[in-house]
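A.B. asks: Sequence and predicted structure below; questions after.
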Amino acid sequence: MEALKNFGGKKLGGVILIVVIVIAFGFGGFGGGFSTNNQNNIAKINRTNVTTQDFMNYLNQSNISQQAIRENLDKNIIEELLSGLISTTLIDLEVKDFDLSITELTVLKKIKENKNFQDENGVFQRTKYEKFLLSNNMSAPMFEIQLKNRELQKHLFDLIGAGTITPNFLIKKKFEEQNKTLDIEYFAMSNQYKAKNSYTNEKLEEFVKENKNQLKREYIDFKYATLNPKNLIGLEEFNQDFFDEIDKIENKISQGDTFEAILENLNVDITEINKFAPTSTKKNNEDRIYSKRLTKLDIIENGDNFLLFSIIDKYDLGPDLNDKTTQDEIAELVYQKGKFDLNKSVLEEIQKKEFDNNKFAEMAANNLKNISLNSINDHDTFEANSVKILYSLPINSFTLVGDKDNEIYLVKIINSKNNPYSKNDENYLKFVQAQNTDNRKSILGSYDQLLNNKYKVQLNQKTIDRVKNYFK
């Protein structure tokens with residue numbers, strides 16, 4: 001919508017002079033309901049029919065070649081173009097509903113004020129206008145109609161977006177809040193956490209017992225053979241003979257042959273694996289087969305090899321703490337839970353106003369650091385959302401924040417001070433523009449919702465299919 005409003009200050013870009021504003025109608029939400037008497041209608045918006053002729057005219061105006069449409073039929077290009085037509089039709093209906101109008105004199109003025117049709121002295125040159133029309137295969141009436149429609153659309157969005165300018169005193173206050181300097185003290189919570197290797201086996205067993213249902217994993221017993229050109233056809237290269245052998249194996253699988261029967265005459269090694277589930281230690285073949293465990297017998301490609309596998313059994317088991325890898329994984333879970341519990345406890349104390357300066361100093365010990373944040377956009381130390389939280393809190397507040405590496409810090413806000421600025425500063429002017437844009441987006445978002453409720457859009461799928469067939 002911003003692009004539409006700013007169009008008058010930009011150069012014309014090709015034949016498509018009407019900016020298509022795509023209203024938030026997803027095709028998944030469109031209803032059916034067309035009768036066989038409406039075969040020339042490709043869509044319907046309330047009582048307004050969108051005909052195939054409307055659609056073909058829209059395609060011609062889009063300047064998209066038939067070849068491009070034909071090559072992208074499988075990528076839903078017809079549906080996307082129809083979405084554009086429906087969007088512009090909706091806007092036209094809104095223009096009529098608000099009874100907006102524009103005079104021919106206004107259209108003429110817009111043409112004469114267009115810099116593309118002026119000389120270096122800013123004087124309108126009809127030869128430039130006519131050259132533009134010829135080069136784009138357009139007539140003057142066609143261009144003027146499109147220009148008129150565009151101006152009506154601008155009036156519509158001016159009407160919808162009216163009153164979206166934020167008062168200066170609110171902008172000033174918010175700018176000062178977001179660009180003040182915050183002086184803070186902080187320390188890393190990592191020094192407060194219990195070391196991972198300090199958790200005893202009894203603690204790990206207790207954790208497993210408390211979370212036995214959540215920690216259960218599906219294990220499989222299976223066997224597999226690695227197939228490649230060397231062990232199938234005696235060559236090192238992937239040729240047609242090799243892939244013919246793979247096709248034969250796939251046919252045997254579909255015919256119900258067993259794993260053993262398929263490999264009966266093949267000189268390949270068979271690997272048997274029991275009680276397997278993926279871990280942090282990657283096992284290429286085993287992990288790949290595990291991901292396909294829903295199929296009892298299959299052949300799958302894995303890098304430069306094919307794997308023929310047979311799932312013998314599937315079952316759920318709890319963690320085995322006698323296994324070193326599993327024990328390390330459980331220890332990591334217990335460690336993370338310890339971190340979470342401590343962080344939660346600190347936050348609860350802060351929220352209940354039970355956390356004070358003495359507690360802060362005690363936890364910080366000799367690890368306390370000081371820093372000043374220059375604005376809400378200063379993300380050098382803490383990540384963006386954490387900085388936003390800090391700028392929303394008063395002086396002497398405590399909170400937990402994080403950095404880009406997910407390290408957690410306990411912070412106290414010591415002081416804040418407003419920084420001098422000029423209303424002519426580039427940053428301030430950009431801030432004002434952003435505030436007004438955000439307000440406008442909010443209003444236009446509500447307008448989209450209104451349109452969703454106001455208009456019922458239906459598609460005639462049979463007609464859409466006929467249009468697709470035309471391009472095939």
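C.D. replies: Received it, and whenever you're ready, just let me know what you need.
A.B. asks: what domains does the record give for this structure?
C.D. replies: 2-163+447-471, 180-196+325-417, 217-317 (automatic domain parsing).
A.B. asks: CSV for these, including mean pLDDT?
C.D. replies: Output for these, formatted as CSV (pLDDT from 0 to 100):
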stretch, mean pLDDT
domain 2-163+447-471, 76
domain 180-196+325-417, 94
domain 217-317, 93
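A.B. asks: Now distance to Lys430 and mean neighbour count too, for the ones you listed, in a markdown table please.
C.D. replies: Heads up, the C-betas are built off the backbone N, CA and C, glycines and all. Shown next, in a markdown table, are the domains of the chain (distance: least, C-beta to C-beta, whole Å; neighbours: other C-beta atoms under 10 Å):
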| stretch | distance to Lys430 | mean neighbour count |
| --- | --- | --- |
| domain 2-163+447-471 | 14 | 14 |
| domain 180-196+325-417 | 11 | 15 |
| domain 217-317 | 46 | 14 |
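A.B. asks: Turn these into a markdown table, columns for distance to Arg440.
C.D. replies: Formatted as a markdown table, these follow (distance: least, C-beta to C-beta, whole Å):
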| stretch | distance to Arg440 |
| --- | --- |
| domain 2-163+447-471 | 5 |
| domain 180-196+325-417 | 22 |
| domain 217-317 | 48 |
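A.B. asks: Is Leu308 within a helix or a strand, and which one?
C.D. replies: Leu308 is part of strand 305-317 when elements are defined by DSSP states H and E.
A.B. asks: where does the residue of the chain most remote from its centre land in three-state SS?
C.D. replies: Farthest-out residue of the chain from its mean C-alpha position, per C-alpha atoms, centre = their mean: Asn265, at 51.5 Å. At Asn265 the chain is in coil, as set by DSSP: H, G, I helix; E, B strand; the rest coil.
A.B. asks: Equivalent analysis for the one 3 residues further on, please.
C.D. replies: Secondary structure, three-state DSSP: Val268 is coil.
A.B. asks: gap between it and Arg150?
C.D. replies: Separation of Val268 from Arg150 (C-beta to C-beta, to the nearest Å): 70 Å.
A.B. asks: which residues sit against stretch 271-288?
C.D. replies: Residues from elsewhere that reach stretch 271-288 (C-beta atoms under 8 Å, 6 or more residues apart in numbering): 217-226, 290, 300, 302-303, 307, 317, 325-326, 328-329.
A.B. asks: In strands, which of those residues appear?
C.D. replies: Residues of the contacts of stretch 271-288 located in strands (DSSP state E): 217-226, 300, 302, 307, 317.
A.B. asks: Which residue ranges of this structure form strands?
C.D. replies: Under DSSP E, the chain gives strands at 41-45, 48-51, 181-188, 217-227, 270-276, 297-302, 305-317, 369-373, 398-402, 408-417, 457-459.
A.B. asks: Of all the ones you listed, which one is nearest Phe117?
C.D. replies: Nearest to Phe117 among these is strand 48-51 (33.1 Å), distances taken as C-beta to C-beta.
A.B. asks: Show me what that closest one is packed up against.
C.D. replies: Judged by 3 or more C-beta pairs under 8 Å, 6 or more residues apart in numbering; DSSP states H and E, the packing partners of strand 48-51 are strand 41-45, helix 77-97.
A.B. asks: Note down every partner strand of that strand and its orientation.
C.D. replies: Paired neighbours of strand 48-51 in the sheet (DSSP bridges): strand 41-45 (antiparallel).
A.B. asks: Run through who's touching the strand it pairs with.
C.D. replies: Contacts of strand 41-45 (C-beta under 8 Å, 6+ apart): 34, 38, 49-52, 54-55, 82, 85-86, 89-90, 93, 455-460, 463-464, 467.
A.B. asks: Ile249: what's it in contact with?
C.D. replies: Leu227, Ile262, Ile299, Leu308.
A.B. asks: hmm, 7 Å instead?
C.D. replies: Ile262, Ile299, Leu308 (C-beta atoms under 7 Å, 6 or more residues apart in numbering).
A.B. asks: Looking at the residues you listed, which one is closest to Gly122?
C.D. replies: Ile299 (73.9 Å).
A.B. asks: The closest one bridge partners, please.
C.D. replies: Bridge pairing for Ile299 - DSSP bridges - gives Leu308.
A.B. asks: ok, now which ones touch it?
C.D. replies: Counting by C-beta under 7 Å, 6+ apart, Ile299 touches Ile246, Ile249, Glu250, Ile253, Phe306, Leu307, Leu308.
A.B. asks: Can you tell me which of those residues is nearest Pro420?
C.D. replies: Closest to Pro420, out of all of the contacts of Ile299 and judged by C-beta to C-beta, is Leu307, at 68.7 Å.
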